[in-house]
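got a sequence here, can you model it:
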Amino acid sequence: MIQFNNVFYKYPEEDNFVFSNLNIEIPEGITSLVGQNGTGKTTFLLLSAGLLIPEQGDVLILTANTKQIKTAQDRQQIVSFIYQNMEFESEDSINSLLKIVYANGFHTNKTDSFIKELIDVFELSSFLNRRTQEISKGELQRVIIAFSLLFGSKLLIMDEPIFALEDYQKKKTMNYLRDYSIKNKISIVYSAHELDITKQYSDNVCFFHKNKIPEIGKTDTIFIESKLEDVFNIPFPMLKQKEYLYRESLVQTNLY
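Predicted structure coming up:
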């Protein structure tokens, strides 16, 4: 689904490469990226979506070389990207935006029932007549996930897509995304700090280490205590506490 061939990438303002001669393949299905901050997860996602282009080497998404994708529309037909902490303002209501996105997306058979389904699943009905700048962080996050599904791309890439949701909404969202992925034969790649979400909803896990190349495998074989301790460099019992502290830091910075 996604293939990195001898990829080198560094940001213009940085001296060190984020990735040097990276070779890795992401298979079909749902893949979660797991690792500490600063290990390259977001850069990997941006390269995978064709939003960054490698200095050397090639990134193939569904066999298309990102260097050869000519227009934003061509790229969006292949892949839809959700940024972490995404915000935007619009004069249109959320209800209107849902219809606009769906009308301009890439689904072949469009029905009003799909919009209604997403409104129900993501609990959007109470603020459909409001604008994006008038709703909470968690509400906006659910709207953006709905947009990405209405768009109808063949691949969905998400950077921390559910961090601002309530716990029951996270599970409801991931359950729906998993079912949608299977039904529509699309693949999903996402990053998340919550290990339980990764374990329950991901077919594959890609571990991002400090000073080591990323490592990918099936969730049921690679998602084990020893691997997690190596990735996060702390004993396994402390990982839950670290997740809790991360969530608390988001609360304190008003991201929830």
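
which helix or which strand is home to Tyr180?
helix 167-184 (DSSP states H and E).

I'd like to know which elements that helix is packed against.
Packed against helix 167-184, as judged by 3 or more C-beta pairs under 8 Å, 6 or more residues apart in numbering; DSSP states H and E, are the following elements: strand 30-35, helix 112-121, helix 137-151, strand 187-191, helix 195-201. Bear in mind the C-beta positions are built from the backbone N, C-alpha and C, glycine included.

go again with 10 Å.
strand 30-35, helix 112-121, helix 137-151, strand 155-159, strand 187-191, helix 195-201 (3 or more C-beta pairs under 10 Å, 6 or more residues apart in numbering; DSSP states H and E).

the last one - what's its average pLDDT?
When pLDDT is averaged along helix 195-201, the result is 94.

quick check, distance from that helix to the centre of its chain.
Helix 195-201 has its C-alpha centroid displaced from the chain centroid by 14 Å (C-alpha atoms, centre = their mean, to the nearest Å).

can I get the following helix or strand past it in CSV, CA atoms only?
Next helix or strand after helix 195-201 toward the C-terminus (DSSP H and E): strand 204-208. Extracted in CSV, the C-alpha atoms of strand 204-208 (Å, rounded to 0.1, in the frame of the first residue of the first chain):
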residue,chain,number,x,y,z
ASN,A,204,-0.4,-3.7,12.0
VAL,A,205,1.9,-1.7,14.2
CYS,A,206,4.9,0.4,13.1
PHE,A,207,7.2,1.2,16.0
PHE,A,208,9.3,4.3,15.8
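
against Gln73, how distant is the residue lying closest to Gly35 once chain neighbours are set aside?
Closest residue to Gly35 apart from its sequence neighbours, by C-beta to C-beta, 6 or more residues apart in numbering: Phe208 at 3.0 Å. Phe208 sits 31 Å away from Gln73, taking C-beta to C-beta, to the nearest Å as the criterion.

residues in contact with the residue nearest to Gly35?
Each residue near Phe208 by C-beta atoms under 10 Å, 6 or more residues apart in numbering is listed here: 33-41, 43-44, 191, 214-215, 231.

make it 8 Å
Residues in contact with Phe208 (C-beta atoms under 8 Å, 6 or more residues apart in numbering) are Leu33, Val34, Gly35, Gln36, Thr39, Gly40, Lys41, Phe44, Pro214, Val231.

ok, of these, which come out buried?
Leu33, Val34, Gly35, Thr39, Gly40, Lys41, Phe44, Pro214, Val231 (16 or more other C-beta atoms under 10 Å).

report the two of the residues you listed separated the most.
Phe44 and Val231 (14.5 Å; C-beta to C-beta).

the helix holding Tyr180 to strand 187-191, inter-axis angle?
With axes from the mean of the first three to the mean of the last three C-alpha atoms, to 10 degrees defining the directions, helix 167-184 sits at 150 degrees from strand 187-191.

so which bits of helix 167-184 are buried?
Buried residues in helix 167-184, defined by neighbour count with 16+ other C-beta under 10 Å: Gln169, Lys170, Lys171, Lys172, Thr173, Met174, Tyr176, Leu177, Arg178, Tyr180, Ser181.

for the fifth one, which non-adjacent residue is spatially closest?
The spatial neighbour of Thr173 that comes closest, neighbours along the chain excluded (C-beta to C-beta, 6+ apart), is Ile162 at 5.6 Å.

to Arg131, which of the helices and strands packed on helix 167-184 lies closest?
Closest to Arg131 of the helices and strands packed on helix 167-184, according to C-beta to C-beta: helix 137-151, at 10.3 Å.

which strands and helices lie in contact with that closest one?
strand 79-82, helix 94-103, helix 112-121, strand 155-159, helix 167-184.
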